[in-house]
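*Asks:* Everything below, folded, please.
(chains A and B)
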Amino acid sequence: MNKRRISVTIALFVVTSIIISACGGTPATTAPAATSAPAKPTSAPAEPTSTPVQPVTLTITIWHNWGPDDAKGAPLQSIFKDFMAANPNITIKDEVYVDADIPLKVETASAAKQEPDLVFVQRVGSPQTWTEAGIAIPVNDLIKEWGLDGQFKEAALKEYTLPDGKIQAFPLEGYTWPIWYNTSVFEKAGVPIPTTTDELIADAKAIRAAGDQPIIASGSDGMGLYLFTLVLQSLLPDEEAKKCLGDGEWTLPSCVSAVELFVQLRDAGVFVNNVQGLDFATANTNYFAGNVAMSHFGAWSFADPPKDLLPKIQLGGFPLPAGSPHRAPVIYSSFSAKGIWITPNGGAKMDAVKKFIQFLYKPENLARFVEQAGMTPPLKDVPIDASKLNPLFVQSLTMPVEVAMTPDDFYPPKVQAELGTGKLSQLAFTPGTTAKQILDALTALYEANK
Amino acid sequence: MAAANQAMPADHEVYSNVVYHRRIVHRRQITFFWLVFPALLWFLAFMLWPLLNMFYISTTHWDGLALPQVSNFPDNFIRLYHDPNIPIALRNTGIHLLFGILGVLPFAFMLGFFLSLHKPGYRILRTIFFSPSLISVAALAMIFLGLYRPAGVLNSFLNTVGLSSLTRVWLGDQSTALGALIAIDIWSGIGFYSVLFFAALTNIPEELYEAAMLDGAGYWTIMWKIAFPLMLDFFGVVVILQFLYILSGAAQIVILLTNGGPGSATLTLGYYLYSQAFLIQRLGYSQAIAIVLFIIGILVILLIRRISSRLSY
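*Replies:* Residues are numbered from 1 along each chain as shown, chains lettered A, B, ... in the order given. As a prediction, this is how the structure comes out:
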């Protein structure tokens, strides 16, 4: 009995010791060294006071998606390098992630207060809630205090201004999102570049007869949906498009007609075969192979075409159907591609962040993105060496087109998140799917996300 | 009698013995409690608390990790009742379960039985059968993406053998997408479960098979009339494993290959839970869906256990 009592007592003692030692934190490992070190004589001369004080080194952590494969990756890295050379006490630590993964990563890191200082991400989906949620700091005052007031294009700032007047982030990347026409395919088929949907249908037949394919799109992912909506918006003025895509009023005659137009074009064969199974990367590869007449790629792809294809590409808008309210073929254009959000962690080292933002937004630094990657800059005046410009970027400045409002500006956030998965575009691009089936799916999607 | 009286302990001795034994039992109980306490604490902190939290979150409106949680009971459950996607997800999950279980386990059992006969080469076959289980889900998805894509292996094969009319965009066609995903589960599941069955079947004494063979029974009869009835209890466990995998785990393949599309052709409950939580960021509602999955899981497991315990020897 006594033995048992002793053993239980020992066991409890051991367990208690372990718990206490675990709770006690790391023991002071410097103590033994300190005791073993010879004590300094109190009469030792004081250190010379003339030793210069080393400046505190700060690290700015940035999460972005402009990796080595992105045309904007090289100019960004060159800016980091030049900034660190000019500011030796500030280190830039950048981490590259897939753009779509960044918001959730930031939000989970923010919950642990371990978010990066700056986030470069598109103004789509949940980043638009970051200011309200305290994940990002509004930048209205910073724009003024840092000498950037009046430099941003009004359209760019407007896109980043929330309904309550707060500017959620610094606009960085703008884009145009035109239709790319491969003129050699049109020449081979003996047809002109279409400006109306009737011409488009006729061209598609001729192009197929010549052994090529008409319009390629990534029908299996969220990018393809923008071509679907662009077709719809070729028939709709912005205010009507908002009723369909923003408010989900898919029973309105104008919304029904727009979806019927898409189905009519699809069933007339204007899209490549099996378009509903293509993703963005495959669509890119197939278009750049040169046997496809049209594609819908944004300015972010301006640096991608092979050299032999580049001179054959003509940029334009999507052809207009009969009864369209637009005067010229339509494209999308926006500044939503990339903004810079400052987090509370970044706010804690605001001086360093200020220096970096001021450096990045120097017109000559932004010009590197324009010249090397064909990026539409958010500032009004950027000195550009025209000889260095991407020819597609130059074309995009003078396209005879009309800009339709990007659906990102009026999608309900949860609808946008679900549409981004591509399941709706896959349905829409599948041959045989009726307009009613698409409208029902859209109605259900908006209903489920009210 | 006197001797017997001498052997009998006095009343006070009996009383002290009883007290002594009670004390021992009491001390043992205390010792037992202290020994299981860490495990109990672990269970409460890491198993029960998250489970209870799931029920709590389902009663809140919570639109993102950084946003506040506001109690909204019973709104999420009312939404669940009216959500047009729930019947679709239930139907697709039901189809997935039906074919994912019936398409895997009988064949896995037959393969496991074949392996258990220790025919020449069974060790190599066992390794080959098990190898799909060693492939990560992402790699598996890539393999089948290459197989199913418009210009992929499957369509190229069909074109080569003159069956061009059968070519499809397998993952993009509403009529084939769910079947294409189920086929992946069947392909990767049969080998894994066959090795499990093989391990269990080796416990059956060979004399039973030999006696049946002397009575003229063939392998087919032995497999289904002798081995299968003896394995019913284990079969029930395997059905539960596959059921739970399809109910929740199979959403991984949906996420990687179809995102529930085209339209809602591959929308399953597991994927719907994921999309509501991580894509739409409707965290409270996602946990209401999780409760539906949890309840379905418990009910079906109880049903399978009851059936297998009634039928097994």
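*Asks:* wait, what's in contact with the closest residue to residue A:125 other than its chain neighbours?
*Replies:* Spatial nearest neighbour of residue A:125, excluding adjacent residues (Cβ to Cβ, 6 or more residues apart in numbering or on different chains): residue A:417 at 5.6 Å. All C-beta spots, glycine's among them, are computed from the backbone N, C-alpha and C. Going by Cβ atoms under 8 Å, 6 or more residues apart in numbering or on different chains, residue A:417 touches A:125, A:126, B:279, B:280, B:281.
*Asks:* Does the fourth one touch residue A:449 like I think?
*Replies:* To tie it back to what came earlier, the one meant is residue B:280. Yes. With contact defined as Cβ atoms under 8 Å, residue B:280 reaches residue A:449; the gap is 6.9 Å.
*Asks:* and for the two, which residues touch both?
*Replies:* A:414, A:418.
*Asks:* what's the neighbour count on the residue in the stretch 1-150 of chain A that chain B sits nearest to?
*Replies:* Across the stretch 1-150 of chain A, no residue is closer to chain B than residue A:133, which sits at 3.9 Å (Cβ to the nearest Cβ). Neighbour count for residue A:133, taken as other Cβ atoms under 10 Å in any protein chain shown: 16.
*Asks:* And residue A:369, by the same measure?
*Replies:* Counted with other Cβ under 10 Å, the neighbours of residue A:369 add up to 24.
*Asks:* pretty sure it is touching residue A:73, no?
*Replies:* No. Counting by Cβ under 8 Å, residue A:369 stays clear of residue A:73, with 10.4 Å between them.
*Asks:* What parts of the stretch 201-350 of chain A come near chain B?
*Replies:* Contact residues, the stretch 201-350 of chain A versus chain B (Cβ under 8 Å from any Cβ of the partner chain): A:219, A:220, A:273, A:274, A:276, A:277, A:278, A:282.
*Asks:* By neighbour count, which of the residues you listed wins?
*Replies:* Highest count within these by other Cβ under 10 Å belongs to residue A:220, 32 neighbours.
*Asks:* show me what contacts that residue?
*Replies:* A:276, A:277, A:278, A:279, A:422, A:425, A:426, B:171, B:172, B:261, B:262.
*Asks:* leaving aside the residues next to it on the chain, what's closest to the fifth one?
*Replies:* Of all residues beyond its chain neighbours, the one nearest residue A:422 is residue A:221 (3.9 Å), with distances taken as Cβ to Cβ, 6+ apart.
*Asks:* Tell me how many other residues surround the one you found.
*Replies:* Residue A:221: 22 neighbours (other Cβ under 10 Å).
*Asks:* and what of residue A:245?
*Replies:* Around residue A:245 there are 29 residues (other Cβ under 10 Å).
*Asks:* ok, the residue nearest to it when sequence neighbours are not counted - contacts?
*Replies:* Of all residues not flanking residue A:245 in the chain, residue A:407 sits nearest, at 4.7 Å (Cβ to Cβ, 6+ apart). Residues near residue A:407 by Cβ under 8 Å, 6+ apart: A:226, A:229, A:233, A:241, A:245, A:246.
*Asks:* neighbour-wise, which of the residues you listed leads?
*Replies:* residue A:245 (29 neighbours).
*Asks:* in what helix or strand does the closest residue to residue B:164 other than its chain neighbours lie?
*Replies:* Nearest residue to residue B:164 in three dimensions, chain neighbours excluded: residue B:158, at 6.4 Å (Cβ to Cβ, 6+ apart). When elements are assigned from DSSP states H and E, residue B:158 belongs to helix B:153-160.
*Asks:* So between residue B:280 and residue A:449, which is more surrounded?
*Replies:* Counted by other Cβ under 10 Å, residue B:280 and residue A:449 do not tie: residue B:280 has more neighbours, with 24 against 19.
*Asks:* what sits against the residue nearest to residue B:164?
*Replies:* Residues near residue B:158 by Cβ under 8 Å, 6+ apart: B:164, B:166, B:167.
*Asks:* which one of those is nearest residue A:155?
*Replies:* Set against residue A:155, the nearest of those by Cβ to Cβ is residue B:167 (46.5 Å).
*Asks:* Next, the contact list for whichever residue of the stretch 201-313 of chain B sits closest to chain A, please.
*Replies:* Closest approach between the stretch 201-313 of chain B and chain A, counting by Cβ to the nearest Cβ: residue B:261, at 2.5 Å. Residues near residue B:261 by Cβ under 8 Å, 6+ apart: A:220, A:421, A:422, A:423, A:424, A:426, A:427, B:177, B:267.
*Asks:* For it, give me the pLDDT.
*Replies:* The per-residue pLDDT reported for residue B:261 equals 87.
*Asks:* Quickly find the element holding it.
*Replies:* Per DSSP H and E, there is no helix or strand for residue B:261.
*Asks:* and residue A:339, how many neighbours?
*Replies:* 27.
*Asks:* check which helix or strand covers it.
*Replies:* strand A:330-342.
*Asks:* for residue A:185, same thing?
*Replies:* helix A:183-189.
*Asks:* Which residues does the next helix or strand after that helix contact?
*Replies:* As assigned by DSSP H and E, the chain's next helix or strand after helix A:183-189 is helix A:197-209. Applying Cβ under 8 Å, 6+ apart, the set of residues contacting helix A:197-209 from outside is A:185-186, A:189-192, A:194, A:213-215, A:234, A:261, A:265, A:268-270, A:293, A:319-322.
*Asks:* C-terminal to helix A:197-209, what's the next element?
*Replies:* strand A:213-216.
*Asks:* what mean pLDDT does that next one have?
*Replies:* pLDDT averaged over strand A:213-216 gives 96.
*Asks:* Give me the helices and strands touching that strand, please.
*Replies:* Contacts defined by 3 or more Cβ pairs under 8 Å, 6 or more residues apart in numbering or on different chains; DSSP states H and E place strand A:213-216 against helix A:197-209, helix A:280-288, strand A:292-295.
*Asks:* pLDDT on the very next helix or strand once past it, on average?
*Replies:* Next in sequence after strand A:213-216, counting helices and strands by DSSP H and E, comes helix A:222-233. Average pLDDT, helix A:222-233: 95.
*Asks:* Contacts made by helix A:222-233 with the rest, please.
*Replies:* By Cβ under 8 Å, 6+ apart, helix A:222-233 touches A:177, A:215, A:217-218, A:241, A:244-245, A:255, A:258-259, A:261-262, A:265, A:275, A:278, A:280, A:283, A:296, A:318, A:330-332, A:404-405, A:407, A:419-422, A:424-426, A:428-429.
*Asks:* Can you give me every residue that contacts the closest residue to residue A:113 other than its chain neighbours?
*Replies:* Nearest residue to residue A:113, sequence neighbours excluded (Cβ to Cβ, 6+ apart): residue A:345, at 7.2 Å. Neighbour list for residue A:345: A:61, A:113, A:114, A:115, A:116, A:117 [criterion: Cβ under 8 Å, 6+ apart].
*Asks:* Please pick the buried ones from those.
*Replies:* A:61, A:115, A:116, A:117 (16 or more other Cβ atoms under 10 Å in any protein chain shown).
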